[in-house]
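A.B. asks: My questions are about this predicted structure, shown below with the sequence.
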2 protein chains.
Amino acid sequence: MFCEEIHMKKIAIDAMGGDNAPKAIVEGVNRALAEFSDIEIQLYGDEAKIKEYLTATDRVSIIHTDEKINSDDEPAKAIRRKKKASMVLGAQAVKEGTADAVISAGNTGALLAAGLFVVGRIKGIDRPGLMSTLPTLDGKGYDMLDLGANAENTPKHLHQYAILGSFYAKNVRGIDKPRVGLLNNGTEATKGDPLHKETYALLAEDDSLNFVGNVEARDLMNGVADVVVSDGFTGNAVLKTMEGTALNIMGSLKSSIKSGGWKAKLGALLLKDSLYSLKDTMDYSSAGGAVLFGLKAPVVKCHGSSDAQAVYYTIRQARKMLDTNVVGQLVEAFTPKD
Amino acid sequence: MFCEEIHMKKIAIDAMGGDNAPKAIVEGVNRALAEFSDIEIQLYGDEAKIKEYLTATDRVSIIHTDEKINSDDEPAKAIRRKKKASMVLGAQAVKEGTADAVISAGNTGALLAAGLFVVGRIKGIDRPGLMSTLPTLDGKGYDMLDLGANAENTPKHLHQYAILGSFYAKNVRGIDKPRVGLLNNGTEATKGDPLHKETYALLAEDDSLNFVGNVEARDLMNGVADVVVSDGFTGNAVLKTMEGTALNIMGSLKSSIKSGGWKAKLGALLLKDSLYSLKDTMDYSSAGGAVLFGLKAPVVKCHGSSDAQAVYYTIRQARKMLDTNVVGQLVEAFTPKD
């Protein structure tokens, strides 16, 4: 009999984080285990509650803990004080090498802190950035960072984000020479404040990047770049504006249909497919969660409102990151050459 | 016979700026002149072309010029070199006191430059900001600045924007104690980079303001504040993200209906009222154009794609600014007290 050795990918999951925990988390895990034979899942959290939903029996273990971090906990403090919290234990497992990646749908700030202080930065990367794959109309999406892990950035940080994003787009999304755009207040090369002007110069002179110049926020959904580099303050504002605008438009349409009588209701019924296709365009959960990128291992944040499917997508994403060894490649790239 | 003296408001209008000039501009002027008996309009541009559309005969004059600023002209250079451009002549009329306000739908950068270098700043205001009334779901809207007149701002600038926005919301929109929010990357008082932390402190200690704290970009459409203060770089990114997201969602829905066969088309027909009401919610042209606020006179930018109605709304807005003397009040407020 011929046996191929499979490298098992060990993924630590905070079962207690997010609005729908532990149900959505565990159901996502069930699905991922059925789909991928090369992953092992460690579920951190309340054993009794986890068992209510866990149908998978193979390649899964539960590490019981009563403690968890709440959504309103002060991040850095929570990480320091709640040493037995499900999220912290997951990060700790990565640090100790018993897990290869960690996923949580809980408190974003706390996960960022756990990533930085427990998992740790790749040597040479100054400020890991929060990165998500965001939707474009053509369905291809783009990777944007920093989405708010940092309130302040230097040109060097932004240059590193361009490299990080390019590695991700190439390895995880299979884009050969990812086009890198710098989010700025105009497309001309001379635009922006000193931070963005200096970053432009750094990106333009780095031959390892496929830099396509400045991009504007209004063109992001049109797919002007595969990787969009931004300082954390602006990136955070842009992400929240997108979310707010999309949610409010959809909500406003919904309430207008509700109050529009039988004509509007029938119309909505007939338009169902179009409305769903619009919802699909705006929904980017199939790309997975937000990666705190630049750490020694994948640390991935699921949206707090994630359902089982979104959790499954995030596990798939972490698996892909491990499979392509994108973090290992980054470590190599940022190691000073003699 | 009893005569009430009417103070005539003289508004200079660049007839040649924008995608639909001079038709949309002149038709907007026709309507405004019919509506308001206390305005006089000066139309700057190609006399023959203007006359094709001008039906009003009273309180309107044409100042002919062959020169105009194009949308791709380099702003500062255009203002310096095209001294006879319709936009520049309009600004010049304000400087010389023959007009009280100037409106253009042309090159935004050039109008900002004309505002700063021809009309001039109010003494004591360091960096005039670009301000628009933006849409909320409840239809009340909020005034946001700076939307991109500046690439860099100091806490002092942002403090001045809070004062400017409050004066505008009170005078032009009739809001008694306008709630001022600071756009930041979280609602907690401790959030942000040094710029936003220092601005928070300045706003909090200014008793003349009704400061309600930090606001996040995702909540803007829900009406969290009447005035939203932002640095120009972030404000510009947020505005462009809103525009891009809204346009792309509506465009995506439209193309999905088009390709959706008879069911989708019938559905869209039945849903017409709901879709129009959504479009109305997102359309904020009834509030007028973007004001470069902090100058010695109202300088107002109509959207480049403005139709006659949007031009009319912008004239109405400039008239209201002159009627309430909001600029005169600002001059007073920023004059050092003995």
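C.D. replies: In hand now; what should we look at?
A.B. asks: got the residues of the stretch 51-200 of chain A near chain B?
C.D. replies: Remark: the part of the stretch 51-200 of chain A in contact with chain B comprises A:Leu137, A:Gly148, A:Ala151, A:Glu152, A:Leu183, A:Asn185, A:Lys191, A:Gly192, A:Asp193, A:Pro194, A:His196, using C-beta under 8 Å from any C-beta of the partner chain. C-beta: built from backbone N, CA, C; applies to glycine.
A.B. asks: Tabulate those residues (a markdown table), appending neighbour count.
C.D. replies: Shown next, in a markdown table, are these (neighbours: other C-beta atoms under 10 Å in any protein chain shown):
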| residue | neighbour count |
| --- | --- |
| A:Leu137 | 15 |
| A:Gly148 | 25 |
| A:Ala151 | 20 |
| A:Glu152 | 14 |
| A:Leu183 | 26 |
| A:Asn185 | 23 |
| A:Lys191 | 17 |
| A:Gly192 | 21 |
| A:Asp193 | 18 |
| A:Pro194 | 10 |
| A:His196 | 24 |
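A.B. asks: Filter the residues you listed down to just the ones in strands.
C.D. replies: In this view, those that belong to strands under DSSP state E are A:Leu183.
A.B. asks: All the strands of the stretch 101-250 of chain A, in order from the start?
C.D. replies: For the stretch 101-250 of chain A, the strands defined by DSSP state E, counting those that start in this stretch cover A:101-104, A:129-134, A:142-145, A:179-183, A:210-215, A:227-229.
A.B. asks: For stretch A:156-163, what does the pLDDT average out to?
C.D. replies: For stretch A:156-163, the mean per-residue pLDDT is 98.
A.B. asks: What lies in contact with that stretch?
C.D. replies: Contacts to stretch A:156-163, defined as C-beta atoms under 8 Å, 6 or more residues apart in numbering or on different chains, come from residues A:125-127, A:129, A:131, A:145-146, A:150, A:180, A:182, A:195, A:199, A:202-203, A:206, A:208-209, A:211, A:227, A:229-231, A:294, A:330, A:333.
A.B. asks: need the strands of the stretch 101-250 of chain A in a markdown table with mean pLDDT, can you?
C.D. replies: Converted to a markdown table, the strands of the stretch 101-250 of chain A look like this (pLDDT from 0 to 100):
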| stretch | mean pLDDT |
| --- | --- |
| strand A:101-104 | 98 |
| strand A:129-134 | 96 |
| strand A:142-145 | 98 |
| strand A:179-183 | 98 |
| strand A:210-215 | 98 |
| strand A:227-229 | 98 |
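A.B. asks: For B:Tyr44, find the nearest of the ones you listed.
C.D. replies: Across the strands of the stretch 101-250 of chain A, B:Tyr44 has its closest neighbour in strand A:210-215 (33.0 Å, C-beta to C-beta).
A.B. asks: strands paired with that closest one, and their directions?
C.D. replies: Applying DSSP bridges, strand A:210-215 is found paired with strand A:179-183 (parallel).
A.B. asks: Name the residues that touch the partner strand?
C.D. replies: With C-beta under 8 Å, 6+ apart, strand A:179-183 has contacts from A:144, A:158, A:162, A:165-166, A:196, A:199-200, A:203, A:209-217, A:220, A:224-230, A:234-235, A:238, B:237.
A.B. asks: Any of the contacts of stretch A:156-163 buried? List them.
C.D. replies: Among the contacts of stretch A:156-163, those buried by neighbour count (16 or more other C-beta atoms under 10 Å in any protein chain shown) are A:125, A:127, A:129, A:131, A:145-146, A:150, A:180, A:182, A:195, A:199, A:202-203, A:209, A:211, A:227, A:229-231, A:294, A:330, A:333.
A.B. asks: got the angle between the biggest helix by length in chain A and strand A:179-183?
C.D. replies: Counting residues, the longest helix found in chain A (DSSP state H) is helix A:232-258. Put simply, helix A:232-258 runs at 90 degrees to strand A:179-183, going by axes from the mean of the first three to the mean of the last three C-alpha atoms, to 10 degrees.
A.B. asks: ranges for the helices of the stretch 51-200 of chain A?
C.D. replies: For the stretch 51-200 of chain A, the helices defined by DSSP state H, counting those that start in this stretch cover A:75-81, A:86-96, A:108-114, A:155-171, A:194-204.
A.B. asks: In TSV: those, plus distance to B:Lys258.
C.D. replies: Shown next, in TSV, are these (distance: least, C-beta to C-beta, whole Å):
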stretch	distance to B:Lys258
helix A:75-81	47
helix A:86-96	46
helix A:108-114	39
helix A:155-171	31
helix A:194-204	38
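A.B. asks: The ones you listed: lowest mean pLDDT?
C.D. replies: Averaged per stretch, pLDDT over these is lowest on helix A:75-81, reaching a mean of 92.
A.B. asks: So which bits of that helix are buried?
C.D. replies: Buried positions in helix A:75-81, judged by neighbour count with 16+ other C-beta under 10 Å: A:Pro75, A:Ala78, A:Ile79.
A.B. asks: Also stretch A:217-237?
C.D. replies: Residues A:217-237 are the ones in stretch A:217-237 that count as buried (16+ other C-beta under 10 Å).
A.B. asks: can you check stretch A:270-277 too?
C.D. replies: A:Leu270, A:Leu271, A:Asp273, A:Ser274, A:Leu275, A:Ser277.
A.B. asks: Wait, a strand at A:Glu40?
C.D. replies: Yes: A:Glu40: assigned to a strand according to DSSP: H, G, I helix; E, B strand; the rest coil.
A.B. asks: what angle separates the helix or strand of chain A with the lowest mean pLDDT from helix A:232-258?
C.D. replies: Using mean pLDDT, DSSP states H and E, the weakest-scoring helix or strand in chain A turns out to be helix A:272-282, at a mean of 79. Relative orientation of helix A:272-282 and helix A:232-258, computed by the same axes, to 10 degrees: 170 degrees.
A.B. asks: Can you list the strands that the helix or strand just after helix A:272-282 pairs with?
C.D. replies: On the C-terminal side of helix A:272-282, the closest following helix or strand by DSSP states H and E is strand A:290-293. Paired strands of strand A:290-293, with direction, are strand A:129-134 (antiparallel), strand A:299-301 (antiparallel) (DSSP bridges).
A.B. asks: any idea which of those strands is most buried?
C.D. replies: Per residue and on average, the most neighbours among the strands paired with strand A:290-293 fall to strand A:299-301, with a mean of 27 (mean count of other C-beta atoms under 10 Å in any protein chain shown).
A.B. asks: got the contact list for that one?
C.D. replies: With C-beta under 8 Å, 6+ apart, strand A:299-301 has contacts from A:91, A:94, A:101-105, A:108, A:111, A:114-115, A:119, A:130, A:288-292, A:314, A:317-318, A:321.
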